[in-house]
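Novice: Need a 3D model of the sequence below.
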Amino acid sequence: MMENRFACNLNALNPAERGHHHKLTEKLLASRRKVEEDERGYKFQFRVPEVLLEELAAWVAAESKCCPFFQLPH
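Specialist: Residues are numbered from 1 along each chain as shown. The predicted model follows:
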């Protein structure tokens, strides 16, 4: 049987981390300026200074715990 690599780990974040991640997700969605798809994936642009680099980094770190199948381009 083939292993499914597209699965989220719903237990990767504790309740406090999950709450913070949810708030960051809402903020990022509200501050999104542009989304583009290309051959390597998606590119997002956000309104500055509404979104800080530290917030983006925190969101990516939490998301990679929950969904390890997402990878950053090399």
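Novice: Please count neighbours and contacts with C-alpha atoms only from this point.
Specialist: Noted.
Novice: what residue ranges in this structure score low on pLDDT?
Specialist: 1-5, 71-74 (pLDDT under 70).
Novice: Longest helix of it, counting residues only.
Specialist: Longest helix of the chain, by residue count under DSSP state H: helix 15-31.
Novice: next SSE after that helix?
Specialist: strand 32-38 (DSSP states H and E).
Novice: what's in contact with stretch 28-37?
Specialist: Y42, K43, F44, Q45, F46, R47, E50, V51 (CA atoms under 8 Å, 6 or more residues apart in numbering).
Novice: May I see the buried residues of the longest helix of the chain?
Specialist: Neighbour-count burial for helix 15-31, counted by 16 or more other CA atoms under 10 Å, picks out R18, H21, L24, T25, L28, S31.
Novice: Same list, the residues you listed, but as JSON lines with distance to V60 please.
Specialist: Below are the buried residues of helix 15-31 laid out as JSON lines (distance: CA to CA, whole Å):
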{"residue": "R18", "distance to V60": "13"}
{"residue": "H21", "distance to V60": "9"}
{"residue": "L24", "distance to V60": "10"}
{"residue": "T25", "distance to V60": "10"}
{"residue": "L28", "distance to V60": "11"}
{"residue": "S31", "distance to V60": "16"}
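Novice: Among the contacts of stretch 28-37, name the ones in strands.
Specialist: For these, the ones inside strands are Y42, K43, F44, Q45, F46, with DSSP state E as the criterion.
Novice: PyMOL command for the buried members of these?
Specialist: The buried residues among the ones in strands among the contacts of stretch 28-37 can be selected in PyMOL (16+ other CA under 10 Å) with this line:
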select buried, resi 46
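Novice: would CSV of the ones in strands among the contacts of stretch 28-37 with distance to L13 be doable?
Specialist: Converted to CSV, the ones in strands among the contacts of stretch 28-37 look like this (distance: CA to CA, whole Å):
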residue, distance to L13
Y42, 25
K43, 25
F44, 24
Q45, 26
F46, 25
